[in-house]
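Engineer: Attaching a predicted model along with its sequence, questions to come.
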Amino acid sequence: MADIYVRGGWIITMDSRRRVIRDGAVAVEDGVIRAVGKREELDPQYKNYSDILIDARKSVVIPGLVNTHVHLAQGLLRACADYKRLIPWLKDRVWPLQGNYKPEEALVSAKLVVAEMLKSGVTTFLETGLVGRYGVDNIIEFLHESGIRAAVARHVMDLKGYALEENILHEGLVEPGDTSFNDTLRLYQKYHGWDSRIWIWFGPRTPGAVSLELYKKISEKARELKTGITMHLAEVREDVEYTTKLFGKKPVEFAHWVGLTGPNVVLVHVVWATSEEIDLLAKTKTSVSHNPSSNMKLASGGAKVAEMLRKGVNVTLGTDGGPSNNDYDLLREMKIAALLQPLITGDPEAVRAEQVLEMATINGARALMVDNMVGSIEVGKKADIVVVDFNQPHLKPTNNPVSHLVYSAMGSDVRHVIIDGKLVVYDRRILTFDEEEVLSKADEAAHNLYQRAGICLEPDLKWPVF
Ligand SMILES: [Zn+2]
């Protein structure tokens, strides 16, 4: 007996042996994976005795993807900040828009992003930093309702700068240190561990917006509560200038000094890191979220992922947000990650497809400290399973499913998504909330936001619009 029986196709397990099973099957019961193996061996026990039978014979079955860097509040900002470097991108576009949100618009943005992620196979993600004006509780309650798993970092800050530029944060996003810190604790008490699907993390803003004392306080509290911390670090050269000029330390050394390294920390981007800093990441078991599309689009630089992986750093994959990527499709991000390393190293084998799929699954689960629960298709783990339709021209011949997943597939190839043993997407339809309603509200919510911010009212096109 099983609640769901996924039958046929390639099963890419990502288990400790990284078994790839041709013509395999997976049985799910009470939210948990009960059996994984060859179809012919599992069929007698499950084929005629399961509530839901999923035919995956022309598909590839993978563990749910883990997106380790998401901005839920940037869903409505797509195409509103193209052709800019990070600091003007933040100052002139992203912050004024985010600093003008009303909670109902931020909720539409979050729903849009979650709909896109679910339909492209993401079952667990790490939100970088919510602020009070977005209506954090509403967003977390929606996340729970949607069926997805999420580590939700709330922004913590007590200064208004970015790197050496002081007082540049938009007023609408400024929160006092006590308010932002204590609200994180409140959220932790209220939601952390909810149904093993919601976790509350600390999301300190980038160096320049947080005092040394507050960084240390966050580090100590996170350790005490056994929760995580995520922060953008060394994304652009200005980050290196800030920590070097003010503290005589490279960015990763600075993070280590204020307590922001360790197995409960996900540092995002880490583009401008030296070999010594990469050694320090490996030594402290600090995870890195690599976001190649964002780094390429904002001309920030290319992270040394091949070197990080060689040295044993737990590198994971993130999409970043609507104005930097401009999508939340982790399957497409795998391709960009796989292509960037040969370009910057001159070595066609700088990263292999297998490593990129690890970044998007088991490594992400480890970074979120939930790899005992998700990140692979193994007996006893929670059933987070994605069925990718391989019966398509761009995925034939099906001779190497891992190569195809990384280099040829995209989010729209995802057909079914199971999270916690429940069908959340079936035949590309979201079952847990009304996608049509979200789509119908998105344009109006964005228009109202743009009006208030006075930004993005006309498309940024070189061509006449009639
Ligand atoms: Zn980001």
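Structural biologist: Noted; the coordinates are in hand. Numbers count the residues shown, from 1 in each chain.

Engineer: Tell me the gap between stretch 148-166 and the middle of its chain.
Structural biologist: Relative to its chain's centre, stretch 148-166 lies at 16 Å (C-alpha atoms, centre = their mean, to the nearest Å).

Engineer: Restrict that stretch to CA atoms and write it as CSV.
Structural biologist: This file holds the C-alpha atoms of stretch 148-166, laid out as CSV (Å, rounded to 0.1, in the frame of the first residue of the first chain):
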residue,chain,number,x,y,z
ILE,A,148,6.3,24.5,0.1
ARG,A,149,9.2,24.3,2.7
ALA,A,150,10.9,27.6,3.5
ALA,A,151,13.6,28.9,5.8
VAL,A,152,12.5,32.5,6.1
ALA,A,153,15.2,35.0,7.2
ARG,A,154,14.0,38.3,8.5
HIS,A,155,16.2,41.3,7.9
VAL,A,156,18.1,42.6,10.9
MET,A,157,19.9,46.0,10.7
ASP,A,158,20.8,49.1,12.7
LEU,A,159,22.7,51.3,10.1
LYS,A,160,21.5,52.8,6.8
GLY,A,161,24.5,52.2,4.7
TYR,A,162,25.8,49.9,2.0
ALA,A,163,29.6,49.3,2.2
LEU,A,164,31.3,52.7,2.4
GLU,A,165,28.2,54.6,1.3
GLU,A,166,26.4,55.8,4.4
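
Engineer: Now it: buried residues?
Structural biologist: Across stretch 148-166, burial judged by 16 or more other C-beta atoms under 10 Å covers 148-163. From N, CA and C alone the C-beta is placed, and that goes for glycine too.

Engineer: go on, stretch 403-421?
Structural biologist: Neighbour counts using 16+ other C-beta under 10 Å place 404-406, 408-411, 413-421 of stretch 403-421 among the buried residues.

Engineer: from the residues you listed, which single one is nearest residue 2?
Structural biologist: For the buried residues of stretch 403-421, the closest approach to residue 2 (C-beta to C-beta) belongs to residue 421, at 9.7 Å.

Engineer: Quick check: closest non-adjacent residue to the closest one.
Structural biologist: residue 31 (3.4 Å; C-beta to C-beta, 6 or more residues apart in numbering).

Engineer: Tally up the residues packed near the one you found, please.
Structural biologist: Residues within reach of residue 31, counting by other C-beta atoms under 10 Å, total 16.

Engineer: where does it land on pLDDT?
Structural biologist: At residue 31, the model reports a pLDDT of 98.

Engineer: Identify the residues contacting it.
Structural biologist: For residue 31, the contact set (C-beta atoms under 8 Å, 6 or more residues apart in numbering) comprises 382-383, 420-422.

Engineer: Next, work out how far apart it and residue 418 are.
Structural biologist: To residue 418, residue 31 is 10 Å away according to C-beta to C-beta, to the nearest Å.

Engineer: what do those two both touch?
Structural biologist: Shared contacts of residue 31 and residue 418 (C-beta under 8 Å, 6+ apart): residue 383.

Engineer: any idea of the mean pLDDT for the longest helix seen in the chain?
Structural biologist: Counting by DSSP state H, the longest helix found in the chain is helix 435-453. Across helix 435-453, the average pLDDT comes to 98.

Engineer: Please apply the same query to stretch 282-300.
Structural biologist: Per-residue pLDDT over stretch 282-300 has a mean of 98.

Engineer: Ok, stretch 395-403 next?
Structural biologist: For stretch 395-403, the mean pLDDT works out to 96.

Engineer: chain center to that stretch: distance?
Structural biologist: Offset of stretch 395-403 from its chain centre (C-alpha atoms, centre = their mean): 25 Å.

Engineer: List the contacts of that stretch.
Structural biologist: Contact with stretch 395-403 is made by 10, 12, 20, 60, 353-354, 357, 389-390, 404, 408-409, 413, as judged by C-beta under 8 Å, 6+ apart.

Engineer: Identify those among these that sit within helices.
Structural biologist: Mapping the contacts of stretch 395-403 onto helices (DSSP H) picks out 353-354, 357, 404.

Engineer: now those in CSV, with distance to residue 463?
Structural biologist: What follows is the ones in helices among the contacts of stretch 395-403, written out as CSV (distance: C-beta to C-beta, whole Å):
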residue, distance to residue 463
353, 38
354, 43
357, 39
404, 36
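
Engineer: Neighbour-wise, give me the winner out of those.
Structural biologist: When neighbours are counted by other C-beta under 10 Å, residue 357 leads these with 25 neighbours.

Engineer: And the pLDDT for that one?
Structural biologist: Here, the pLDDT recorded for residue 357 equals 98.

Engineer: Please shift the residue numbers so they start at 815 in all later answers.
Structural biologist: I'll keep to 815 as the first residue from here, and by that count the last item is residue 1171.

Engineer: Now do the contacts for it.
Structural biologist: Each residue near residue 1171 by C-beta under 8 Å, 6+ apart is listed here: 826, 828, 876, 1148, 1216, 1219-1220.

Engineer: For it, give its distance to residue 877.
Structural biologist: Residue 1171 is 9 Å from residue 877, by C-beta to C-beta.

Engineer: who touches both of these two?
Structural biologist: What both residue 1171 and residue 877 touch, as defined by C-beta under 8 Å, 6+ apart, is the set 826, 828.

Engineer: who does the longest helix of the chain touch, helix- and strand-wise?
Structural biologist: Other helices and strands packing on helix 1249-1267, by 3 or more C-beta pairs under 8 Å, 6 or more residues apart in numbering; DSSP states H and E, are helix 909-912, helix 917-933.

Engineer: ok so, going back, list just the nearest of the ones in helices among the contacts of stretch 1209-1217 to residue 1044.
Structural biologist: The closest of the ones in helices among the contacts of stretch 1209-1217 to residue 1044 turns out to be residue 1171 (C-beta to C-beta; 22.1 Å).

Engineer: Quick check, pLDDT for the residue nearest to residue 1263 when sequence neighbours are not counted.
Structural biologist: Residue nearest to residue 1263 in three dimensions, not counting chain neighbours: residue 919, with 5.2 Å by C-beta to C-beta, 6+ apart. Per-residue confidence for residue 919 comes out at a pLDDT of 98.

Engineer: Likewise for residue 815?
Structural biologist: Model confidence at residue 815, given as pLDDT, is 85.

Engineer: Could you do residue 1037 as well?
Structural biologist: 98.

Engineer: Please identify the helix or strand for the closest residue in space to residue 976 that isn't next to it in sequence.
Structural biologist: Spatial nearest neighbour of residue 976, excluding adjacent residues (C-beta to C-beta, 6+ apart): residue 1022 at 4.7 Å. For residue 1022, there is no helix or strand it lies in under DSSP states H and E.
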